[in-house]
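Asks: Fold the following for me, if possible:
(one chain, ligands or ions: 1)
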Amino acid sequence: MKPDIKICGLKTAETVDRAVARGATHIGFIFFEKSPRYIEPDLAGVLADRVRGKALIVAVVVDPDNDDLDEIMNLVRPDILQLHGHESPERVLTIKALYNVLVMKAFSVRDAEDLRRVEAYIGIADRFLFDAKAPKGSELPGGNGVAFDWSLMAWLDGRVDYMLSGGLNKDNVALALASTKASGIDISSGVESAPGVKDLTMIDEFFDAVASARMPATASGS
Ligand SMILES: O=C(O)c1ccccc1NCC(=O)[C@H](O)[C@H](O)COP(=O)(O)O
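Replies: Numbering: from 1, shown residues only. The predicted structure follows:
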């Protein structure tokens, strides 16, 4: 089955348009002010409107309060909130009830213990996203361009529908898809020429790599 593809941290019309033209199923906007990918909600709303209905709009937030969420929900009208902080299961339920929005709960992974925390969110979050733990010294909970040990994903059972994230790029995405049961993949730094600067050629190369991964050459060459 084709994986969903989320391109995260977009800030310009041309990169949003290119990602969707190439087949992105999800477009992510970052609302974490310390990030080089931070975008003001009003601009994100304008960019979201360019592609609404063609790709799902994901608002990435970190431990947001209700005022933050009110603004984002009003101006961006995302299909999905990606909760990328330490939001408890109770907070996820509250957010879903208040805003009637799908929630993708992100987890930072270094070892199997990190995956066990998912259990409490099954049946509460609509989907999961597994990202690498931030390297020491990084101020960003995501978008660090580092991968984690994908063999850990074998700990999860079929109840956990997830996107794989963290350090993906054109060179490792085929292996990532082959070695996990991810129903989606998420990329940010891997299509950037500098922190926060998306590159059209790198976006193209990533989609080409995903397409090749889905269509491996057969031994007979057919
Ligand atoms: O990307 C950010 O700057 C960011 C900041 C704060 C919270 C989350 C953030 N990114 C979330 C994502 O979904 C990224 O796509 C994910 O972490 C993968 O990033 P990368 O390893 O750079 O591909």
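
Asks: With Pro141 as the reference, measure out to the residue nearest to Lys181 when sequence neighbours are not counted.
Replies: Excluding its sequence neighbours, the residue lying closest to Lys181 (Cβ to Cβ, 6 or more residues apart in numbering) is Met153, at 6.9 Å. The C-beta positions use only the backbone N, C-alpha and C, and glycine is treated the same way. Distance, Met153 to Pro141, by Cβ to Cβ, to the nearest Å: 20 Å.

Asks: follow-up on the earlier one: residues contacting the residue nearest to Lys181?
Replies: Shown in contact with Met153 (Cβ atoms under 8 Å, 6 or more residues apart in numbering): 115, 130, 162, 164, 179-182.

Asks: which SS class is it?
Replies: Using DSSP: H, G, I helix; E, B strand; the rest coil, the structure places Met153 in helix.

Asks: wait, isn't His86 in contact with Asp63?
Replies: Yes: between His86 and Asp63 there is a contact at 6.1 Å, judged by Cβ atoms under 8 Å.

Asks: quick check, Leu93 in a helix?
Replies: Yes: read with three-state DSSP, Leu93 is one of the residues of a helix.

Asks: any idea of the mean pLDDT in the helix or strand that Asp204 is a member of?
Replies: Following DSSP states H and E, one finds Asp204 within helix 200-214. On average, the pLDDT along helix 200-214 is 95.

Asks: list the helices and strands that helix packs on?
Replies: If you count contacts as 3 or more Cβ pairs under 8 Å, 6 or more residues apart in numbering; DSSP states H and E, helix 200-214 packs onto strand 4-8, helix 13-21, helix 173-179.

Asks: angle of the first one against helix 13-21?
Replies: Using axes from the mean of the first three to the mean of the last three Cα atoms, to 10 degrees, the direction of strand 4-8 lies 170 degrees away from that of helix 13-21.

Asks: partners of strand 4-8, with directions?
Replies: strand 26-30 (parallel), strand 184-187 (parallel) (DSSP bridges).

Asks: Asp70 belongs to a strand, doesn't it?
Replies: No: going by three-state DSSP, the assignment for Asp70 is helix, not a strand.

Asks: Any idea how many residues pack against Ile203?
Replies: When neighbours are defined as other Cβ atoms under 10 Å, Ile203 has 23 of them.

Asks: hang on, I meant Gly143
Replies: So Gly143, with other Cβ under 10 Å, has 26 neighbours.

Asks: So for it, what pLDDT did the model give?
Replies: On the pLDDT scale, Gly143 gets 96.

Asks: Contact partners for the nearest residue to it once chain neighbours are set aside?
Replies: Excluding its sequence neighbours, the residue lying closest to Gly143 (Cβ to Cβ, 6+ apart) is Ser188, at 4.8 Å. Neighbouring residues of Ser188 by Cβ under 8 Å, 6+ apart: 7-9, 28, 37, 142-143, 145.
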